[in-house]
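A.B. asks: Provide a 3D model corresponding to the input given below.
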Amino acid sequence: QVHVEDSGGGLVQPGGSLRLSCVASGRTFDNSYCMGWFRQAPGKEREFVAAIHLSTTYYADSVKGRFTISRDNAQSTVYLQMNSLKPEDTAVYYCAGSLTGWEPKSQYAYDYWGQGTQVTVSS
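C.D. replies: Below you'll find the model as predicted:
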């Protein structure tokens, strides 16, 4: 049984930083396992944030240069370091795993999802 668990959200002031974590279990965790982060703000559709597959990272234009995705295969964990946070980054953030990674930026390519972690950027 594959399981993905995300954590690390919270309340942060504009300009601040947070690091989200996602632990995956139930299958081999290596670079071939595509992992992604998505977010959903109130009243909006879920959108792609970042992904990592093989040796390549992908980012939404809105977070490029501010967010960094990385992984620790020994710990079966993927991270999302978020810097220079803005109020518009406020959302529930979801970690997801894709067995094939056929389209890292598409939520439809992902097979397993975490429960979500709330990130609120406000003064």
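A.B. asks: And the strands in the chain, which stretches?
C.D. replies: 3-7, 10-12, 18-25, 34-40, 47-53, 56-59, 67-72, 77-82, 91-98, 112-113, 117-121 (DSSP state E).
A.B. asks: Identify all contacting residues around the shortest one.
C.D. replies: Applying Cβ atoms under 8 Å, 6 or more residues apart in numbering, the external contacts of strand 112-113 come out as 2-4, 24, 94-97. In short, each C-beta sits where N, CA and C put it, glycine included.
A.B. asks: Point to the residue nearest the middle of this structure.
C.D. replies: Nearest residue to the geometric centre of the chain (Cα atoms, centre = their mean): Trp37, 2.2 Å.
A.B. asks: Excluding covalently adjacent residues, which one is nearest to it?
C.D. replies: Closest residue to Trp37 apart from its sequence neighbours, by Cβ to Cβ, 6 or more residues apart in numbering: Val49 at 4.3 Å.
A.B. asks: Assess the claim that that neighbour and Phe67 are in contact.
C.D. replies: Yes: contact criterion Cβ atoms under 8 Å: Val49 and Phe67 qualify, at 6.7 Å.
A.B. asks: hey, what's in contact with both of these two?
C.D. replies: 59, 80.
A.B. asks: Please say which of the two ends up with more neighbours.
C.D. replies: Set side by side, Val49 and Phe67 show more neighbours around Val49, with 25 against 22, by other Cβ atoms under 10 Å.
A.B. asks: sorry, back to before: my guess is the residue nearest to the centre of the chain meets Leu80, correct?
C.D. replies: Yes: the pair Trp37 / Leu80 is scored as a contact, 4.9 Å apart, by Cβ under 8 Å.
A.B. asks: Please enumerate the shared neighbours of the two.
C.D. replies: Any residue near both Trp37 and Leu80 by Cβ under 8 Å, 6+ apart counts here, and that gives 20, 22, 49-50, 69, 93, 95.
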